[in-house]
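Visitor: Predicted coordinates and the sequence they were generated for:
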Amino acid sequence: MGREAPGVRRGTGTVPGMSSTAHDPPLPPPRVEEVSDGVYAYLQPDGSWWINNAGFLAGRRGVVVIDACSTERRTRAFRAAIGEVTDRPITTLVNTHHHGDHTFGNWLFPEATIVGHEGVRDQILAEGVPAYRSAWSSEVDWGRHEPAPPFLTFTDRVTVHSDDLRCEVRHVGHAAHTTSDSYVWIPERRLLFAGDLVFNGGTPFVLMGSLEGALRALGQLRELGAETVVPGHGEVCGPWAYEPVERYLRFVQETAARGREAGLTPLETARETDLGEWAGLLDAERLVGNLHRAYAELDGRPLGAPIDVAAAVRDMVAYNGGRPLSCLA
């Protein structure tokens, strides 16, 4: 992988910093994977609700972090994992989008310049501590939460450098997974941190974004020519991972068209739908939220137009048998 930079130690793989709680799920521990020389993915199994991936670049002068985690405990473990690799200070934290699994831990990086699209800042400030967290299991140990939005924002793209390595943070330009998604492209390494534009093994989710926009975004990613992709959830992969995400999104579009024509609600449509090849994906109830978004687009609403997210979340809970949604974070 090349010569080690001063002040940088190789990662040991499994992360030692996860303290035990009464809510210890039977999951493998997070781990650090060096995906290119000095560039690391932080992978958190199993990648289901609120269990995201992050990453960092360990330079000679400092560390650039890509996304935080959902809970205080998990974010502190992430920081500990970075410390196992390098003793350089953390200078920058990039948020790929506003969702809490990628941003709730922002406040635990007080020394860093937090960078994100202006929409990420707006959404974090608007939501504060989101009430919709109550839809997930009450056993989740969220820990302390202080909203900490980006304070260096951009509208189109911004370039961050780790030593001489160029990292292009590019806004998609339209709604996709959310209304303010960005990805981190490292052209010299053909390496992409895709955020939640790519799920590997989990159900893609576009309730707060756009089905059509997510498909366009995948076309954008394909044009980059990446060789290595760090998805927002799931194992490190290659560009082959775009295709199953695309097929699932088209499945949702087709399902929505049939359900709407039959006069069914999104929840009724989901209950009538055989998931088929998608039955093995994590968090199947996301189909309901995706159908809410698909119905809005069939009604001619603009990409990413506001819809009743709370109603969609309630329908996901109903699809789940009225039980809170599973969260092992």
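Guide: Yep, that arrived. Numbering: from 1, shown residues only.
Visitor: so what does the top strand by length along the chain touch, helix or strand wise?
Guide: In the chain, taking DSSP state E as the definition, the longest strand is strand 191-199. Here strand 191-199 touches strand 182-186, helix 211-224, strand 228-233, helix 242-261, going by 3 or more Cβ pairs under 8 Å, 6 or more residues apart in numbering; DSSP states H and E. The way it works is simple: take the backbone N, C-alpha and C, and place the C-beta from them, glycine included.
Visitor: now the angle between strand 228-233 and that strand, please.
Guide: Interaxial angle, strand 191-199 versus strand 228-233 (axes from the mean of the first three to the mean of the last three Cα atoms, to 10 degrees): 40 degrees.
Visitor: Give me the sheet partners of strand 191-199 and which way each runs.
Guide: Strand 191-199 has the following strand partners under DSSP bridges: strand 182-186 (antiparallel), strand 228-233 (parallel).
Visitor: Turn those strands into a markdown table, columns for distance to N200.
Guide: As requested, the strands paired with strand 191-199 are arranged in a markdown table below (distance: least, Cβ to Cβ, whole Å):
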| stretch | distance to N200 |
| --- | --- |
| strand 182-186 | 15 |
| strand 228-233 | 4 |
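Visitor: want to try TSV for these, with mean pLDDT as columns?
Guide: Output for the strands paired with strand 191-199, formatted as TSV (pLDDT from 0 to 100):
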stretch	mean pLDDT
strand 182-186	99
strand 228-233	98
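Visitor: Determine which stretch of those strands is the most buried.
Guide: strand 228-233 (a mean of 26; mean count of other Cβ atoms under 10 Å).
Visitor: I would like the residues contacting it, please.
Guide: Contact with strand 228-233 is made by 35-36, 41, 47-48, 51-53, 55, 96, 102, 177, 189-202, 221, 236-239, 241, as judged by Cβ atoms under 8 Å, 6 or more residues apart in numbering.
Visitor: Drop the exposed ones from those and show what's left.
Guide: 35-36, 41, 47-48, 51-53, 55, 96, 102, 177, 189, 191-202, 221, 236-237, 239, 241 (16 or more other Cβ atoms under 10 Å).
Visitor: on that earlier part again, which one of the helices and strands packed on strand 191-199 lies nearest to N106?
Guide: Across these, N106 has its closest neighbour in strand 182-186 (15.0 Å, Cβ to Cβ).
Visitor: Okay, angle between the closest one and helix 211-224 too, please.
Guide: Going by the same axes, to 10 degrees, strand 182-186 makes 10 degrees with helix 211-224.
Visitor: about what we covered before: compile the helices and strands packed on strand 191-199 into CSV and extend it with columns for distance to L108.
Guide: Output for the helices and strands packed on strand 191-199, formatted as CSV (distance: least, Cβ to Cβ, whole Å):
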stretch, distance to L108
strand 182-186, 20
helix 211-224, 29
strand 228-233, 19
helix 242-261, 30
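Visitor: Tell me which of these is the most buried.
Guide: Taking mean count of other Cβ under 10 Å, strand 228-233 is the most buried of the helices and strands packed on strand 191-199, at a mean of 26.
Visitor: Need the CA coordinates for that strand. PDB is fine.
Guide: Written as PDB, here are the backbone C-alpha positions of strand 228-233 (Å, rounded to 0.1, in the frame of the first residue of the first chain):
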ATOM      1  CA  THR A 228     -13.600   1.000  -5.500                       C
ATOM      2  CA  VAL A 229     -16.900   2.100  -3.900                       C
ATOM      3  CA  VAL A 230     -17.500   2.600  -0.200                       C
ATOM      4  CA  PRO A 231     -21.300   2.500   0.200                       C
ATOM      5  CA  GLY A 232     -23.300   4.300   2.900                       C
ATOM      6  CA  HIS A 233     -24.300   0.900   4.200                       C
END
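Visitor: Is there a neighbour count for the residue nearest to S182 when sequence neighbours are not counted? I'd like the number.
Guide: Spatially, and ignoring its direct neighbours in sequence, S182 is nearest to H171 (4.9 Å; Cβ to Cβ, 6 or more residues apart in numbering). Applying other Cβ atoms under 10 Å, we find 21 residues neighbouring H171.
Visitor: check contacts around H171.
Guide: The neighbours of H171, taking Cβ under 8 Å, 6+ apart as the test, are H117, F154, T155, D156, R157, S180, D181, S182.
Visitor: Show me how to select, in PyMOL, the buried members of these.
Guide: Selection of the buried residues among these in PyMOL, burial being defined by 16+ other Cβ under 10 Å:
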select buried, resi 117+154+180+181+182
